[in-house]
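K.L.:
Sequence and predicted model, in that order:
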Amino acid sequence: WSFERNAACLQALTAQFPELAFVLNAAPPERGSAQHLAAMFPNAIAVLPTTPDVLELCAFMRCVDYVITPDTAITHIATAFGKPTVVLCTPVSSSIQWMPIGVAYRAVYPPEGTPADAPVEAVLPDDVVTAFAGLYKEIQVLQEAKK
């Protein structure tokens with residue numbers, strides 16, 4: 001996802017969910033962009049330290065409440081820890097075997113009419129925010145029902 005798409009999504013998420021803190025995970029080439037995004041929202045966003053150790057990433061994922069990702073590896077790790085997940089998809093980069101199993105999730109695709117081979121960049125930030133809001137509400141209702 002581009003810097004602009006991430007910024008738009010984070011702007012909407014931090015406005016709609018001021019009680020939440022967000023942590024960005026970025027590949028080394030994207031680290032500067034992630035730090036720039038975090039600087040735009042200093043009280044709501046941090047950047048996860050870069051690590052080549054997948055076990056460190058797993059340990060971090062164990063501590064989060066929700067996950068938003070276009071990455072199937074992150075989706076699998078989140079699922080292993082039972083984390084509700086919003087997965088950014090494209091028609092050619094999604095399959096049932098890549099979706100979370102046994103946890104609440106939302107799959108977000110590019111708008112109808114987008115070419116089938118469009119990259120994940122075609123997924124709209126507002127659609128991700130809407131999906132997250134629905135997932136968040138679902139989890140809140142389930143937690144209230146358990147009380």
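P.N.:
Great, that's in hand. Just so it is clear, the model here is predicted, and its values are computed rather than measured.
K.L.:
got any ranges where this structure has weak pLDDT?
P.N.:
Screening the chain residue by residue with the criterion pLDDT under 70, one finds the ranges 93-95, 97.
K.L.:
can you give me the strands for it?
P.N.:
Taking DSSP state E as the test, the strands found in the chain are 22-24, 45-47, 67-69, 85-88, 105-108.
K.L.:
most neighbours per residue, which of the ones you listed?
P.N.:
Most buried of the strands of the chain by mean neighbour count (mean count of other CB atoms under 10 Å) is strand 85-88; its value is a mean of 26. In this view, the C-beta of every residue, glycine as well, is placed from N, C-alpha and C.
K.L.:
Using CSV, write out the CA atom coordinates for that one.
P.N.:
Backbone C-alpha positions of strand 85-88 (Å, rounded to 0.1, in the frame of the first residue of the first chain) are rendered in CSV as follows:
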residue,chain,number,x,y,z
THR,A,85,-7.9,-9.4,11.3
VAL,A,86,-8.7,-7.2,8.4
VAL,A,87,-7.1,-8.6,5.3
LEU,A,88,-6.5,-6.5,2.2
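K.L.:
my read: residue 77 touches residue 61, true?
P.N.:
Yes: in this structure, residue 77 is within contact of residue 61 by CB atoms under 8 Å, at 4.9 Å.
K.L.:
follow-up on the earlier one: how about the strands of the chain in JSON lines, adding distance to residue 115?
P.N.:
Supplementary listing: these in JSON lines, determined by distance: least, CB to CB, whole Å:
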{"stretch": "strand 22-24", "distance to residue 115": "28"}
{"stretch": "strand 45-47", "distance to residue 115": "32"}
{"stretch": "strand 67-69", "distance to residue 115": "23"}
{"stretch": "strand 85-88", "distance to residue 115": "16"}
{"stretch": "strand 105-108", "distance to residue 115": "17"}
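K.L.:
Thanks again, I'm all set now.
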